[in-house]
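Chemist: Quick one: sequence plus predicted model below, questions after.
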Amino acid sequence: MEVFLEGVLWLFDPENWSGINAIPDRVREHVVYATVALIIGAAIAVPVGLWTGHTGRLGNLAINVGNLGRAIPDLGIVAIAAVLIGFGILPVILALIALAIPPLLTNTYTAVRGVDPEVRDAAVGMGFTGWRLLRQVEIPLALPLIFAGLRVSTVQVIATATISGFIGRAGGLGRYIFDGLSMFDTPRVVAGAILVALLGVLADVGLSRLQRAVTPKGFAAALAEREPSPAAKA
């Protein structure tokens, strides 16, 4: 507990909020690394997941790729990228992209394939086919599970981006952790870990609210009815 309090005091020290190693700058760098990786990862995984889910083609391949990506340790992906490309921010970004893709790909495919066949058949009977069926029926119903994959990817990428302080030496909150370890500065290490955890929680909460905002109201009500009560969960 004492070590944790020292880390909190380090965070509230005004000297750590200005200068070349300021907390706002490190947070901004961390957010940029994670955001770039998530945008590129989503640009790859979501269209592929939508196509495979809508057509039913290569579904097993999508699931296997997603499972393989989850099976490889985060640090292992970063280390492999560093060996193949060299040290710097590029291997870190590429590794983060590789980490972002599996949950997004798997959840997007599963979400689209999981749309109620009766709903899909009814839409087809009304003349919805191809892109129109996907855009107006399947995607809206699949959004909650797609966002769940995005939330998993976001938290994972934010946590793993700390490795940029060691591999990339470019910045981010990982610098506090690795610089603190090299200087035997425990409060700095704890403060860095707290900031990473807070950033992950804030991102998850923000995406959760966005998920509720974009979920069709009727579908959200149906999900709420299916959700077990706290007593049932216990």
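Modeler: That came in fine, so what should we check first? Numbers count the residues shown, from 1 in each chain.
Chemist: Which strands and helices lie in contact with the helix of greatest length in the chain?
Modeler: Longest helix of the chain, by residue count under DSSP state H: helix 23-55. Judged by 3 or more CB pairs under 8 Å, 6 or more residues apart in numbering; DSSP states H and E, the packing partners of helix 23-55 are helix 59-71, helix 89-113, helix 139-160, helix 174-182, helix 186-214. Just so you know, the C-beta spots here come from the backbone N, C-alpha and C atoms, and that holds for glycine as well.
Chemist: hey, which of those helices is tucked in deepest?
Modeler: helix 89-113 (a mean of 24; mean count of other CB atoms under 10 Å).
Chemist: buried residues in the helix or strand just after that one?
Modeler: Reading on from helix 89-113 to the C-terminus, the next helix or strand found by DSSP states H and E is helix 117-125. By 16 or more other CB atoms under 10 Å, the buried positions in helix 117-125 come out as 120, 123.
Chemist: any idea of the mean pLDDT for helix 117-125?
Modeler: Average pLDDT, helix 117-125: 79.
Chemist: Outside of that helix itself, list whatever touches it.
Modeler: 133, 136-138, 141 (CB atoms under 8 Å, 6 or more residues apart in numbering).
Chemist: Drop anything exposed from these.
Modeler: 133, 137-138, 141.
Chemist: want to try a markdown table for these, with pLDDT as columns?
Modeler: As requested, the buried ones among the contacts of helix 117-125 are exported to a markdown table (pLDDT from 0 to 100):
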| residue | pLDDT |
| --- | --- |
| 133 | 83 |
| 137 | 82 |
| 138 | 84 |
| 141 | 85 |
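Chemist: So which of these is the closest to residue 198?
Modeler: Of all these, residue 198 sits closest to residue 141, with 33.1 Å by CB to CB.
Chemist: Would you agree the closest one is in contact with residue 115?
Modeler: Yes - the pair residue 141 / residue 115 is scored as a contact, 5.0 Å apart, by CB atoms under 8 Å.
Chemist: The longest helix of the chain to helix 186-214, inter-axis angle?
Modeler: For helix 23-55 against helix 186-214, the angle by axes from the mean of the first three to the mean of the last three CA atoms, to 10 degrees is 40 degrees.
Chemist: possible to save the helices and strands packed on helix 23-55 as CSV with distance to residue 11?
Modeler: Output for these, formatted as CSV (distance: least, CB to CB, whole Å):
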stretch, distance to residue 11
helix 59-71, 32
helix 89-113, 24
helix 139-160, 18
helix 174-182, 10
helix 186-214, 5
